[in-house]
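[1] return atomic coordinates for the entry below.
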Amino acid sequence: MKRGGRGTTLAFVALIAMTAAWGSTFFMIGDIVTRIPVPDLLAVRFAIAAVALILLAAPTFGRPNGLRLDRRILRDGALLGLLYGGAQLLQTFGLAHTAASVSGFITGLYVVATPLLGALILRTRIGPLTWLAVGLATAGLGILSLNGLSVGYGELLTLASAVVYAGHILALSRLSKPGDALGLTAVQLAVITVLCTVFALPGGIQLPATGTDWAIVIYIAVVAGALTMLLQTWAQARIEPTRAAVVMAGEPIWAAGFAVALGGESITWRMLAGGFAIVAAMYLTELAPRLRRRSGGEPPPDAERAVTERAAG
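    Numbers count the residues shown, from 1 in each chain. Modelled structure (predicted):
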């Protein structure tokens, strides 16, 4: 499928749905990590996500656009899983040494790291409107998250996680192809599970102790784990990585919205101002390609992807 038109619009919607699912978990995870160590939670979460996806996708094995596991998908999925799992662990260890709000902002800097890495590694040209969108999204993240920032061990680990997340976004955009989503997602989830389990095993893996905790873990595993990974993998075969990163920066908006609706928090000027900046950034990411096409300054979507693939290969 070409990167443009209806496919791009559906990919944009899929990424918004993904960030909404991510945002819905913040107040749940903030509660459950007081009872379950974070590495244990990650290992259990991704194990359930991997099993759930494989069971649901198994009937499609061998069908067009169904579950397929050839050598290329296994290789690419393993690389993507190592990147995503590594980012999760770096973020988790960094969170132990910094405030959650600061961690959220620094992690969100993948919206800046993605175009920078794209320009350095893939030699991708980033237009001024896209850079403006990146700046707006970063400002929105800061308004939503920050109450002061100091740089220490935890912040450096979290910054490293943002760079690795950006690497995952770029690699996924490069490696994901229409029809590969189920296979790539399954392999990624399996590799993430193994990686997180290695770090959780030394102290023994603690499982949820109550029905409520199990319900939370299953939700964040199936909806905010398997489903979101599938949506991201599918969408990034159809949308450029910098645009994907800007859309994903909307996660704090959803987190704030769910915290107000379900967590008993109040609406603040920071929520409104930060949310407005991020929504404006998303609008610019959609507007910029259209303006470039009208001015004749942007190649057709299929030609653009071919140039990017030649530069990366």
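[2] test my guess that I278 contacts A255.
    No - if you go by Cβ atoms under 8 Å, I278 and A255 don't touch, sitting 11.6 Å apart. For every residue, glycine as well, the C-beta is placed using N, CA and C.
[3] what's downstream of the helix or strand L129 falls within, the next helix or strand?
    Here L129, judged by DSSP states H and E, is contained in helix 128-145. Remark: after helix 128-145, the chain's next helix or strand is helix 153-175, criterion DSSP H and E.
[4] quick check: buried residues in that next one?
    Neighbour counts over helix 153-175 (16 or more other Cβ atoms under 10 Å) mark 154-155, 157-175 as buried.
[5] okay, R310: pLDDT?
    On the pLDDT scale, R310 is placed at 30.
[6] try P59
    Value for P59, per-residue pLDDT: 86.
[7] tally of neighbours for A280?
    Neighbourhood size, A280 [other Cβ atoms under 10 Å]: 15.
[8] tell me who's in contact with the closest residue to it other than its chain neighbours.
    Excluding the flanking residues, the one nearest A280 by Cβ to Cβ, 6 or more residues apart in numbering is L136, at 5.3 Å. Contact analysis of L136 by Cβ atoms under 8 Å, 6 or more residues apart in numbering lists A277, I278, A280, A281, L284.
[9] the second one and L55, how far apart?
    Remark: distance between I278 and L55 (Cβ to Cβ, to the nearest Å) = 36 Å.
[10] higher neighbour count, these two?
    A direct count of neighbours by other Cβ under 10 Å for I278 and L55 places I278 higher, at 29 against 9.
[11] the more buried one: which element?
    helix 269-294.
[12] again with I126
    For I126, there is no enclosing helix or strand under DSSP H and E.
[13] low pLDDT regions in this structure?
    Scanning the chain for pLDDT under 70 picks out 1-7, 98-105, 144-151, 259, 262-266, 271, 283, 285-313.
[14] got the contact list for the residue nearest the centre of it?
    The structure's the chain has its C-alpha centroid closest to M248; by Cα atoms, centre = their mean the separation is 6.2 Å. Residues in contact with M248 (Cβ under 8 Å, 6+ apart) are L15, M18, T19, Y110, V111, I169.
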